[in-house]
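**Student:** Predicted model follows, preceded by the sequence.
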Amino acid sequence: MPIVNRVADLHDEIKAWRQDIHAHPELLFDVHRTAGVVADKLRSFGCDEVVTGIGRTGVVGVIRGRKGNSTRAIGLRADMDALPIEEATGLPYASRTPGKMHACGHDGHTAMLLGAAKYLAETRNFDGTAVVIFQPAEEGGGGGREMVNDGMMDRFAVEEVYGMHNYPGFPLGAFAMRAGPIMAAADRITIDIEGVGGHAARPHISIDTVMVGAAIVQALQTIVSRNVDPLESAVVSITQFHAGTADNIIPQTGQLRGTARSLTPQTRDLVEKRVHEVVEGVAKLYGAKATLTYKRDYPVTRNHERQTAFAAQVAAEVAGRDRVDTAIPPMMGAEDFSFMLDARPGAFIFLGNGDSAGLHHPQYNFNDEIIPIGTSYWVRLVETALPG
């Protein structure tokens, strides 16, 4: 079955929702306007329950099927938060908030799931319960973890959970997925360095934290190239270096920050161990002190075998079998939908955004042409999983 006719009819309305959300981006858990819009729309659709404040600012809508014989419930999740980026698209509906923009397509994800909720509440052509989940703080805040820890899965009796993300550079409206690890674990690295500050003209009586920091950055790159099995995947990236106040002062302190990514528990353990050893060893070599804070953050996003095959089947019904790739390589980006997949079986899939700027780019924009495809996928997922 291709695009659902009623969903096609709703395209302009869903697009308007998306562009309104795009114009009003909010960060992390501070998604009060977006969550309010979502909750108001879910109530107007006639959802059986609309619960706010799950995971601090998350929203959950409950839609029960027409027959009411089945006790099965499946969850569909969209993320709501934006990014701290200055938008450079020049669009009529561009961000009205300086320094914030929807540069990852969460506006589109939210709008598509709202469209599916409207359709499902109208038709109720399924037997069981659809639980629509609108999550805050995917961009580094762990909103998915907070919603799970808030008891969401048990409270709404969710048996399986599904997520979807747009994919720039992938063919417009095509789907991509894989069973097993699909996105990496993400860990946070903070390294505080203490040396001996002094005059830049007298480095011999100082311990230069800039030099120590640079040496640590270089040495950390040997972990992936020389310690990790070449057939495994890992990334260590130092992305911030803060030190110094003037060009003639050797700074007393410095700080490095970055991230480590991996796809297996064994590689994750190895990388963490070696980061500790490298930081300690290099600092000692230069006579400095270095304190490492290594925080394990998002786990690997791991798709479950049966649910991934089911998602691929539904995607093929919507887009055509030749437009569904079930063997994409894993990506080293991270997703906090991983917490939901750790709590319940399910699948995370990608929907092609076509030829657009990449995610987290100031010129990125969600492609409204894929709205009917993504919304139809959600609808058919529920109707197929919970046949009426």
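**Tutor:** In hand now; what should we look at? Residues are numbered from 1 along each chain as shown.

**Student:** can we go C-alpha only for contacts and neighbour counts from here?
**Tutor:** Noted.

**Student:** Please name the nearest non-neighbouring residue to W378.
**Tutor:** A116 (6.1 Å; CA to CA, 6 or more residues apart in numbering).

**Student:** what's the one helix or strand that neighbour maps to packed up against?
**Tutor:** Element membership for A116, per DSSP states H and E: helix 106-123. With contacts defined as 3 or more CA pairs under 8 Å, 6 or more residues apart in numbering; DSSP states H and E, helix 106-123 has these neighbours: helix 5-9, helix 11-23, helix 32-45, strand 58-64, strand 73-79, strand 129-135, strand 160-168, helix 371-385.

**Student:** tell me the mean pLDDT for the shortest one?
**Tutor:** Going back to what we said before, that points to helix 5-9. Averaging pLDDT along helix 5-9 gives 89.

**Student:** From the chain's centroid, how far away is that helix?
**Tutor:** On the basis of CA atoms, centre = their mean, to the nearest Å, helix 5-9 is displaced by 28 Å from the centre of the chain it belongs to.

**Student:** dump the residue contacts of the residue nearest to W378.
**Tutor:** Contacts for A116 (CA atoms under 8 Å, 6 or more residues apart in numbering) come out as V7, T375, S376, W378, V379.

**Student:** ok, now K41?
**Tutor:** Contacts of K41 by CA under 8 Å, 6+ apart are L114.

**Student:** what does V148 give?
**Tutor:** Contacts of V148 (CA under 8 Å, 6+ apart): G55, F339, M340, A343.

**Student:** Next, count neighbours for the first one.
**Tutor:** As a burial measure, G55 scores 22 neighbours (other CA atoms under 10 Å).

**Student:** what pLDDT does it get?
**Tutor:** On pLDDT, G55 comes in at 98.

**Student:** now swap in the last one and tell me
**Tutor:** Here the pLDDT value assigned to A343 is 98.

**Student:** And it, how far from I74?
**Tutor:** Distance, A343 to I74, using CA to CA, to the nearest Å: 13 Å.

**Student:** what kind of secondary structure is F241 in?
**Tutor:** State at F241, reduced to three classes by DSSP: H, G, I helix; E, B strand; the rest coil: strand.

**Student:** More neighbours: which of A343 and I74?
**Tutor:** Neighbour count, other CA under 10 Å: between A343 and I74, I74 has more, with 23 against 18.

**Student:** Surely the more buried one touches F156?
**Tutor:** No: at 9.2 Å, I74 does not count as touching F156 under the criterion of CA atoms under 8 Å.

**Student:** Which neighbours do the two have in common?
**Tutor:** Joint contacts of I74 and F156 (CA under 8 Å, 6+ apart) are V131.

**Student:** related to what we said a few turns ago, from the helices and strands packed on helix 106-123, which stretch is densest packed?
**Tutor:** Comparing the helices and strands packed on helix 106-123 on average neighbours per residue, with mean count of other CA atoms under 10 Å, the densest one is strand 129-135 at a mean of 28.

**Student:** going on from that strand, what's the next piece of helix or strand?
**Tutor:** Next element after strand 129-135 (DSSP H and E): helix 143-149.

**Student:** For that following helix, the averaged confidence score.
**Tutor:** Rounded mean pLDDT across helix 143-149 is 98.

**Student:** Same check on stretch 291-307?
**Tutor:** 98.

**Student:** ok, now stretch 265-279?
**Tutor:** For stretch 265-279, the per-residue pLDDT averages 98.

**Student:** can you check stretch 15-32 too?
**Tutor:** Mean predicted confidence for stretch 15-32 is 98.

**Student:** ok now that stretch, how far from the chain's centre?
**Tutor:** How far stretch 15-32 lies from its chain's middle: 16 Å, per CA atoms, centre = their mean.

**Student:** What of stretch 43-63?
**Tutor:** 21 Å.

**Student:** now do stretch 20-38
**Tutor:** Worked out by CA atoms, centre = their mean, stretch 20-38 lies 16 Å from the chain centre.

**Student:** now swap in stretch 114-129 and tell me
**Tutor:** That offset, for stretch 114-129, works out to 25 Å (CA atoms, centre = their mean).

**Student:** likewise stretch 35-52?
**Tutor:** With CA atoms, centre = their mean, you get 23 Å for stretch 35-52.

**Student:** Can I get it in PDB, CA atoms only?
**Tutor:** Once non-C-alpha atoms are left out, stretch 35-52 reads as follows in PDB (Å, rounded to 0.1, in the frame of the first residue of the first chain):
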ATOM      1  CA  ALA A  35       5.200  20.400  24.200                       C
ATOM      2  CA  GLY A  36       2.200  22.700  24.700                       C
ATOM      3  CA  VAL A  37       1.400  22.700  21.000                       C
ATOM      4  CA  VAL A  38       1.700  18.900  20.900                       C
ATOM      5  CA  ALA A  39      -0.500  18.300  23.900                       C
ATOM      6  CA  ASP A  40      -3.200  20.800  22.600                       C
ATOM      7  CA  LYS A  41      -3.300  19.100  19.200                       C
ATOM      8  CA  LEU A  42      -3.500  15.600  20.700                       C
ATOM      9  CA  ARG A  43      -6.500  16.700  22.800                       C
ATOM     10  CA  SER A  44      -8.100  18.300  19.800                       C
ATOM     11  CA  PHE A  45      -7.700  15.000  17.900                       C
ATOM     12  CA  GLY A  46      -9.700  13.200  20.600                       C
ATOM     13  CA  CYS A  47      -6.900  11.000  22.000                       C
ATOM     14  CA  ASP A  48      -8.100   8.900  24.900                       C
ATOM     15  CA  GLU A  49      -5.300  10.200  27.200                       C
ATOM     16  CA  VAL A  50      -2.900  13.000  26.900                       C
ATOM     17  CA  VAL A  51      -0.200  13.100  29.700                       C
ATOM     18  CA  THR A  52       2.400  15.800  30.000                       C
END
